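Q: curious how this folds, go ahead:
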Amino acid sequence: MPFRPRPSHLLALVVSPLLVAAQAVEQTPATSGAPAAPPPPPLTAPAAQQASPAVQPTAQGPVLSLEDCVSRALDKNFDLRIQRFGTENAKESLLIARATFDPALQLTTSRTGSRQATASETTDAAGNIVSIQSKSEGDSTRLGVTQELSTGATVSLSRSLSRSKSSPSRTLPNPAFDSDVGLSVRQPILRGGGIQTNRAAINRAKLGITLANLDLKSAVLTVVRQVESAYYNLAFAREQRIVRRFSLEVAEKLLDENRSRRTSGVATDLEVLQAEVGVANARRDLLLSEQGVHDREDALLSVIEPFGFNQPLGDIRLNEDPLPVINAERSYQLARDNTPEYASSRTFIQQLKIDSDVARRNRLPTLDLGADLGYSARDHSYGTAASSVWNRNGYDWQVDATLSFPWGLRADRARYRLSTNALNREQVHLQQIEQSILVEVRSAVRAVETNQESVRISGLATTLSQRQFDLEKARYEAGLSTFRRVQEAQEQLDTARVDELLAKVNLRNALADLSRIEGTSLQHYRIQLQE
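A: Purely as a prediction, here's the structure:
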C-alpha cells in the first residue's frame, strides 16, 4: 500500500486555491507532519501585517516612513550641506557688488622738511660775508570722502589743514596755517557711463542668487530621488528575503517528507538527494538576500544618516496611495515650469544679456567730464584758518574734458562679439534642454504606463504559479507526479513572486522619476526652500 500524507499536512504546507486539488488530498490517508508557513505577502503594508510569524523578518524597530527618510536627508546629506555654501556665497557676492557704491573715507597726514643744498651768501653789519641756508618744514592733514554714483560719476569732498614754516621767512604769517575745502566730480559720458552699465554687477549678482537657489533646488530633488530609490530597493530586498525564507521552509519540509517516504520505501535516494540540493540552493538564495538587505540598508543610511551605519532601520512600509492619472502634456508643462535646469538656463541667459549690453557700450571711446571747486584760507592758527575758509576770497575752480580710445577699438569689439556668441550659444542650449525635457517626460510617462501593466501581469503570473505549484504538489502526494516537477513548480513560483515584487518597486521608481522630472517632489513632501 503506497504512503500518503494526511490532509492537514498538505493543507498546512501550501494553501491550494484549486477545489479539485483540495478534494483529491482530502481522500488520501493521513500521516504525521508539521504545518508550514503560508506564502509571503505582497509588497504592501497591509499584507505585511498579515504575514505569518514564521516568515516575518526580525523586528527592526518602529516604522520608518519615506517622509522621515526625506526629512533626515535634507538635514544631514553631504551634497545639500555643500550646496548651501553656494547659496551663502551668492548672497555675499551681492553684498560685494553693492559695496561698490558705498562711500569711502580717506585720511592722509604728512610731515615735510627741506634744506637747500647750496647756501646763499650775504654781508653782515661788520662787512663780513655770512652764509645763509634756506630751510622749510610743515605738516598737512587731509580728510575726504568719495562716493560712486549709479550713473558712473565719482564725487569727492575733502578738507585739509596744513602748517608751513620757512627760514628765512618768505611768507607772512610765518608759520602759516592753511585750510581748504574742495569738491570734485567726474562723470563718464560714453564708455562706463549710464545706470544700466554701472549696476550691471549688482543685477548679475542678484541673478547669481537665483542660480544658486535653483542649484540647491536641483540638489534637493536629486537627494529626494536618491532617498526614494534607496528606500524602495530596501523594501524590495526585505520582501525578497521573506520569499527566500518561505522557500527554504518549503524545501526543508519537502526534504523531511522525502526522507519519510524513503524510509517507507516509496521515495528513492535520488529524490532525497534532489531535495537536499533544493535545501542547499534555498539557503544560498537566503544568504544572498541577507547580503542584499544589508547592502541596501547601508545605501539608505549613507543618504539619510552619514556615518550612521550601525543604527538600526525601522520597518519599511510602502504607501498604498492611489496611482495618479498620467497626462504627458500636463507633465511636460510642469517640467518646463519646475525643472531647475531649464530655469537656470533662462536665468543664465539674463546674465549674458547684461554682459552683452556692457560689452556693447564699452565699444565706445572714453569721454569724461570733470569739475573741481575749492575754497581756501590762511591765518595764524589752525582754528582761525579753518573757521574763516568760507569768509575769505580764496578759491579755485576747474572744468575739464578727457577723450581717449584705443586705435581701432579691436579688443572691445572682439569682447562684444564674444559676449554675443556666448548669449547665442546659451539660447541654443536652452532649446536643447527643452527638447531633452520633452524626451524625458515622454519616456517617463511610458515607463509608468508600462510598469502599471507589468504589475498587473506579474500578479496574474504569481497567481498562476501558485496554483500550478499547489496542483503539482497535490499530484506528487497522490503519486501522479515526480519530485523534480514539484521542485520546478516551486522555482517558478519563487521567480514569479520576486518578479511581482520587482514590478511593484519598478512602478514606484518610475513614478518617482516622473515626479523628479516634473519637479513636484517638493510639493509631495512639503519641502519649502528659502528664496
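
Q: from here on, just use CA atoms for contacts and neighbour counts.
A: Will do.

Q: and the strands in the stretch 101-250 of the chain, which stretches?
A: 104-115, 120-123, 129-132, 135-148, 154-167, 176-188 (DSSP state E, counting those that start in this stretch).

Q: mean confidence score for the first one?
A: Pointing back at strand 104-115 there. The predicted model assigns strand 104-115 a mean pLDDT of 91.

Q: need the winner for burial among the strands of the stretch 101-250 of the chain.
A: Most buried of the strands of the stretch 101-250 of the chain, by mean neighbour count (mean count of other CA atoms under 10 Å): strand 176-188, with a mean of 21.

Q: contacts for that one next, please.
A: Residues from elsewhere that reach strand 176-188 (CA atoms under 8 Å, 6 or more residues apart in numbering): 151-165, 193, 366-382, 385-386, 389.

Q: confidence score at Asp372?
A: 93.

Q: distance check, Glu305 against Arg72.
A: Distance, Glu305 to Arg72, using CA to CA, to the nearest Å: 7 Å.

Q: one step back: which of the strands of the stretch 101-250 of the chain sits closest to Val486?
A: strand 135-148 (89.7 Å; CA to CA).

Q: with just CA atoms, put the closest one into PDB.
A: Provided in PDB are the C-alpha atoms of strand 135-148 (Å, rounded to 0.1, in the frame of the first residue of the first chain):
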ATOM      1  CA  LYS A 135      65.100 125.800   5.400                       C
ATOM      2  CA  SER A 136      61.400 124.900   5.400                       C
ATOM      3  CA  GLU A 137      59.200 122.500   7.300                       C
ATOM      4  CA  GLY A 138      55.500 121.700   7.600                       C
ATOM      5  CA  ASP A 139      52.700 119.200   8.200                       C
ATOM      6  CA  SER A 140      49.400 118.600   6.500                       C
ATOM      7  CA  THR A 141      46.300 116.500   7.200                       C
ATOM      8  CA  ARG A 142      43.500 115.900   4.700                       C
ATOM      9  CA  LEU A 143      40.200 114.200   5.300                       C
ATOM     10  CA  GLY A 144      37.900 113.300   2.400                       C
ATOM     11  CA  VAL A 145      35.000 111.100   1.300                       C
ATOM     12  CA  THR A 146      34.500 109.600  -2.100                       C
ATOM     13  CA  GLN A 147      31.100 108.300  -3.400                       C
ATOM     14  CA  GLU A 148      30.500 106.500  -6.700                       C
END
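
Q: quick check: neighbours of it in the sheet, parallel or antiparallel?
A: strand 104-115 (antiparallel), strand 154-167 (antiparallel) (DSSP bridges).

Q: got the ones you listed as a markdown table, with distance to Tyr232 columns?
A: Shown next, in a markdown table, are the strands paired with strand 135-148 (distance: least, CA to CA, whole Å):
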| stretch | distance to Tyr232 |
| --- | --- |
| strand 104-115 | 59 |
| strand 154-167 | 62 |
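
Q: do you know which of those lies nearest Thr462?
A: Closest to Thr462 of the strands paired with strand 135-148 is strand 104-115 (CA to CA; 78.8 Å).

Q: now for Pro100: which residues touch it?
A: Careful, residue 100 is Thr; it's not Pro. By CA under 8 Å, 6+ apart, the contact set of Thr100 is Glu148.

Q: do you know how far the residue nearest in space to the middle of the chain is from Arg526?
A: What sits nearest the mean C-alpha location of the chain, by CA atoms, centre = their mean, is Ala219, with 1.5 Å. According to CA to CA, Ala219 and Arg526 sit 16 Å apart.

Q: so Gln427 makes contact with Ile349?
A: Yes - between Gln427 and Ile349 there is a contact at 6.9 Å, judged by CA atoms under 8 Å.

Q: more crowded one of those two?
A: Per other CA atoms under 10 Å, whichever of Gln427 and Ile349 has more neighbours is Ile349, with 21 against 16.

Q: helix or strand for the more buried one, which one?
A: Under the criterion of DSSP states H and E, Ile349 resides in helix 340-361.

Q: could you find the closest non-adjacent residue to the residue nearest to the centre of the chain?
A: Leaving aside its sequence neighbours, Ala219 sits nearest to Leu80 (CA to CA, 6 or more residues apart in numbering; 6.4 Å).

Q: alright, that wraps it up for me.
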